[in-house]
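K.L.:
Need a 3D model of the sequence below.
(chains A and B)
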Amino acid sequence: MTPNAEATEHHGAQGPDPARAALDARVLAWLREPLSAQDAAPPDDERFDELARTLFGFQFEHCVPYRRFCEARGRTPANLQRWSEIPAIPAAAFKELPLRSFSRERICRVFRTSGTTATQRGALALDTLELYEASLLPSFRRGVLPDLGPGARARLRILAPAPDDAPDSSLSHMFGVVLRELGDERSGFDVRDGALDVRGLHAALVAACDDGVPVALCGTAFAFVHLLDAFAARGVRLVLPPGSRVMETGGFKGRARELPRAQLYEAIATSLGVAPDRILNQYGMTELASQFYDSVLCLPGSPRRKLAPPWTRVRILDPERGEEAAPGAVGIVQIFDLANTGSILAIQTADLGRTLAGGFDVLGREAGAEARGCSQAADELFGA
Amino acid sequence: MSAAGAVEHALARLRPAGAALRARPAAAVHDALADVLDAWSAPDSPWQSALAAELPEPTGFSPQTLREGLARGLAGYTGTALRALVRSELGGPETLDATGRRRVHGFETTATVLGGALPLPALVALLAPLALRSPVLVKPAVYDPSTARLFARSLAERDPLLGACVEIVDFRRDDAAAMAALGRADCVVATGSDAAVAAIGAAVAPSRRFVAHGHRVSLTLLGPEATRGAACEHHAAAIALDVALWDQLGCLSPVSVTVADPAAGAADRVAEALGAALARLETSMPRGRIAPAAAAAIVDERAQAEVRAAGGLQVRVLASPGTSWTVVREADAQPRPAPLHRFVRVHPAADPACAVAALQSRHPPLAAVAIAGFGAAEAALASRLLELGASRVCAPGALQTPPLAWPRGGFGVLTPLARHSSDERTL
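P.N.:
Predicted structure coming up:
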């Protein structure tokens, strides 16, 4: 095994495996169907199941480490009855193995997980960005800009580096695509050379206030903490124009200052004048092509939960029984994402969550809870 | 009354009680404490029974684990052991009574912030300042509201003044005002995660004594003489007991076993024997309740081990159907995360030097190391482990029964809580 042996250079290559091309085409067709129409109809479980089982068969055949993982669990395409039986590989596996269903020569892009500890970063190799981009846009639009009319563009300010500055960041790539497809001429990135450009962002937000243009301010949670600290230090308080919204994503692991989400939202409301019910979280990870957004903007007035795109399924797993947890019970979040055609469609995250009516919720890992023992449950100890 | 007010009042009550205690000969105080310890350590101790009955709910430990852990842990906590401790660390009780040029005293007040769910460290945390005739304010741990209270009651029954020298005030650790009030005690002892201990330390004025017990881990090393036949079975059973007692949550619970034996199959044999022993203990001493996050961490680490196996590494997962116990036979000596709750890794190493080198590569803060099977090389290995920071080296099966005088964290039991002074004038 050569751990994490994904190349960063881009390769030229011959065309894809015909079976894969056919799968991509079927998934792409689904991704391109209007989300609004799909939201109005019941979930198409039969379609998902058939595609997921076909994709599993393909990945089982073409990704040797994944095949061995499945075989060790006694699961093969031959004995698979339902998509929910597909073995989910832990997200951390992307740190250990090249998990792709195509040859190394076909790699066109490698996204890496954030490196906030001294340990190895996970790597997702892609041979096409088409599915990734086709998946991210409708979800972003539904989650963050549900009120944006056809052909319209929005004022987007991004608290993350631009793709050229962070070529291995899937988040930067996502924001780059969003900006290209949905941003207006005064939209842009506000992290430069690894630092938040507070002055530039302040000027951009003041200009939006002067113009009365609503802003969608998007970025990582810890970037928002930096922004709030910087604004507080300068005595800056803004009230962004009506219709503005904030989207935050990612955690705080390894960062200097952590804030519980409710506290972060209160602080954003105070500093930027955006009400907490117009602030939403995006749940995503490098290992997944699809993202999950809070429902607050597209389903205002209903309880906040995360919405899954139709081409994904979310299972909350009871860790003791290894089966689906009871509704509302806390368990491990597993994601099945058909847009992951080139890697592994079934991912077991390291997060806890619970199902909610019409969606799900991702919970913290008891951050700040008092330890039950004097031995160190050793993420930090051994640098997980 | 606010928690901060309760702390202030408790400290105010402790000062005169402490003065009265210091007016007594130290030996008399130790006699009373020794009687209390003997009452706790007796096999039929009603105090043990009461504690074992109260703790399953708040701690999550199974009743069987609690009974076994208390019986084994307290067996050595006798009056005799207390007197030996006083002699070894202070030279004897008369040192505390001395009025000459060199003096050793307890502080006017000691405050101790308890952490975790393990009762034995809590008991020692109360005992030690009292042995120095320092009255003690206790903030109990979230998961153990009982040990301090029952121990205080046993003290009061034996000696009302000793009872008056213990005050228990509970409050949330994030109650800054209460923590600041507690930080005004003359000596503050904190137990918990490194972050929690640091937060408490920040509330203590620099002029005060602050003693911190952060998190540590323990390990087991087995040599060639412990990896075959009956010796392998014997040591695996002993290690399983070390793991199962307190559900691996104590800093004396081993998180891994390194098999320093180049012979083929040694690590596999140990892993299999350890798995079998943990499975047996699950019947007689079942693991307790755990939070979903802890169970999820176990599931995740098991799956990651499966991934390493799928990648071609010689990794095996031996585990219960739920998350009750797990043994992961690793491919190398590299330390990996420890989800605890009876999750043990078995690492192969070519020899003791390789095992020690792996320890050094990421140098975890060590509490204790159990070793066996190294024959003539054992003494040198033990010495090296002590140099690396372990405060105990013992045999497998003995990790959870430290002597009362165990210098936890490299500190003495009494001396860190004592005030030493000398009069250097020329008479």
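K.L.:
Not including adjacent chain positions, what is the nearest residue to residue 250?
P.N.:
You didn't say which chain, so I picked chain A. In this structure, residue A:250 finds its nearest non-sequential neighbour in residue A:220, 4.3 Å apart by CB to CB, 6 or more residues apart in numbering or on different chains. Just so you know, the C-beta spots here come from the backbone N, C-alpha and C atoms, and that holds for glycine as well.
K.L.:
other chain: chain B
P.N.:
Per CB to CB, 6+ apart, closest to residue B:250 is residue B:118, 5.2 Å.
K.L.:
I'd say the residue nearest to residue A:250 and residue A:166 touch.
P.N.:
No: applying CB atoms under 8 Å as the test, residue A:220 and residue A:166 come out as separate, 11.4 Å apart.
K.L.:
and the end-to-end length of stretch B:215-232?
P.N.:
End-to-end distance for stretch B:215-232: 30 Å, by CA to CA, to the nearest Å.
K.L.:
Ignore what I typed, I meant stretch A:174-189.
P.N.:
12 Å.
K.L.:
Need the residues touching each of residue A:220 and residue A:166.
P.N.:
Residues touching both residue A:220 and residue A:166 by CB atoms under 8 Å, 6 or more residues apart in numbering or on different chains: residue A:160.
K.L.:
what helix or strand is residue A:209 on?
P.N.:
Following DSSP states H and E, one finds residue A:209 within helix A:198-211.
K.L.:
Skip ahead from that helix and say which helix or strand is next.
P.N.:
strand A:215-220.
K.L.:
Just confirm residue A:236 contacts residue A:273, I think it does.
P.N.:
No: Residue A:236 is beyond contact range of residue A:273, at 11.4 Å (criterion: CB under 8 Å).
K.L.:
Just give me the neighbour total for residue B:314.
P.N.:
13 (other CB atoms under 10 Å in any protein chain shown).
K.L.:
can you tell me the helix or strand for the closest residue to it other than its chain neighbours?
P.N.:
In space, and not counting its chain neighbours, residue B:314 is closest to residue B:331: 4.6 Å by CB to CB, 6+ apart. Under the criterion DSSP H and E, no helix or strand holds residue B:331.
K.L.:
My guess is residue B:331 contacts residue B:311. True?
P.N.:
No: using CB under 8 Å as the test, residue B:331 is too far from residue B:311 to be in contact (9.6 Å).
K.L.:
Who has more neighbours out of those two?
P.N.:
Neighbour comparison, residue B:331 and residue B:311: the larger count goes to residue B:311, with 21 against 18 (by other CB under 10 Å).
K.L.:
Distance check, that one against residue B:146.
P.N.:
47 Å (CB to CB, to the nearest Å).
K.L.:
Which residue does chain B have closest to chain A?
P.N.:
residue B:249 (2.6 Å; CB to the nearest CB).
K.L.:
Surely that residue is in contact with residue B:340?
P.N.:
Yes: contact criterion CB under 8 Å: residue B:249 and residue B:340 qualify, at 5.9 Å.
K.L.:
Report whether the helix or strand hosting residue A:333 contacts chain B.
P.N.:
Secondary structure assignment for residue A:333, by DSSP H and E: strand A:331-337. Yes: judged by CB under 8 Å from any CB of the partner chain, strand A:331-337 comes into contact with chain B at A:331, A:332.
K.L.:
Quick one: mean pLDDT over that strand.
P.N.:
Strand A:331-337 comes out with an average pLDDT of 96.
K.L.:
now for the helix or strand just after it, which elements pack on it?
P.N.:
Using DSSP H and E, the helix or strand that follows strand A:331-337 in sequence is strand A:346-356. If you count contacts as 3 or more CB pairs under 8 Å, 6 or more residues apart in numbering or on different chains; DSSP states H and E, strand A:346-356 packs onto strand A:89-90, strand A:312-318, strand A:331-337, strand A:359-363, helix B:292-310.
K.L.:
Kindly recompute the last result at 10 Å.
P.N.:
helix A:45-62, strand A:89-90, helix A:93-96, strand A:279-283, strand A:312-318, strand A:331-337, strand A:359-363, helix B:292-310 (3 or more CB pairs under 10 Å, 6 or more residues apart in numbering or on different chains; DSSP states H and E).
K.L.:
shouldn't the residue nearest to residue B:314 be in contact with residue B:271?
P.N.:
No: with contact defined as CB atoms under 10 Å, residue B:331 does not reach residue B:271; the gap is 11.8 Å.
K.L.:
and for these two, which residues touch both?
P.N.:
The contact sets of residue B:331 and residue B:271 overlap at B:316, B:347, B:348 (CB atoms under 10 Å, 6 or more residues apart in numbering or on different chains).
K.L.:
For chain A, which helix or strand comes out least confident on mean pLDDT?
P.N.:
helix A:35-40 (a mean of 85; mean pLDDT, DSSP states H and E).
K.L.:
residue ranges with poor pLDDT in chain A?
P.N.:
Along chain A, segments meeting pLDDT under 70 span A:1-15, A:115-119, A:251-258, A:364-384.
K.L.:
Would you map the helices across it?
P.N.:
A:18-31, A:35-40, A:45-62, A:64-72, A:93-96, A:130-144, A:170-182, A:198-211, A:221-234, A:261-272 (DSSP state H).
K.L.:
which ones are touching the closest residue to chain B within the stretch 201-350 of chain A?
P.N.:
Using CB to the nearest CB, the point where the stretch 201-350 of chain A gets nearest to chain B is residue A:319, with a distance of 3.7 Å. By CB under 10 Å, 6+ apart, the contact set of residue A:319 is A:325, A:330-332, A:352, B:290, B:292-300, B:302, B:322-323.
K.L.:
Helices of the stretch 301-427 of chain B, residue ranges please.
P.N.:
B:352-361, B:378-387 (DSSP state H, counting those that start in this stretch).
K.L.:
Quickly list the domain ranges of the chain.
P.N.:
Reading this off chain A. As assigned by automatic domain parsing, chain A contains the domains A:7-118+A:308-364, A:130-305.
K.L.:
wait, chain B
P.N.:
Split by automatic domain parsing, chain B gives B:3-215+B:406-422, B:218-394.
K.L.:
and the end-to-end length of the last one?
P.N.:
End-to-end distance of domain B:218-394 (CA to CA): 11 Å.
K.L.:
what's the distance between that domain and the middle of its chain?
P.N.:
18 Å (CA atoms, centre = their mean, to the nearest Å).
K.L.:
quick one: contacts for the spatially closest residue to residue A:54 that is not a sequence neighbour?
P.N.:
Once flanking residues are discounted, residue A:54 sits nearest to residue A:23: 6.5 Å by CB to CB, 6+ apart. Counting by CB under 10 Å, 6+ apart, residue A:23 makes contact with A:16-17, A:51, A:54-55, A:57-59, A:101, A:131, A:338, A:341-342.
K.L.:
picking up where we left off before, with residue B:292 as the reference, measure out to the residue of the stretch 201-350 of chain A closest to chain B.
P.N.:
6 Å.
K.L.:
How about residues contacting stretch B:353-363?
P.N.:
A:118, A:381-383, B:219, B:221-223, B:256, B:258-260, B:262, B:332-336, B:347-351, B:366, B:369, B:371, B:377, B:381, B:384-385, B:387-390.
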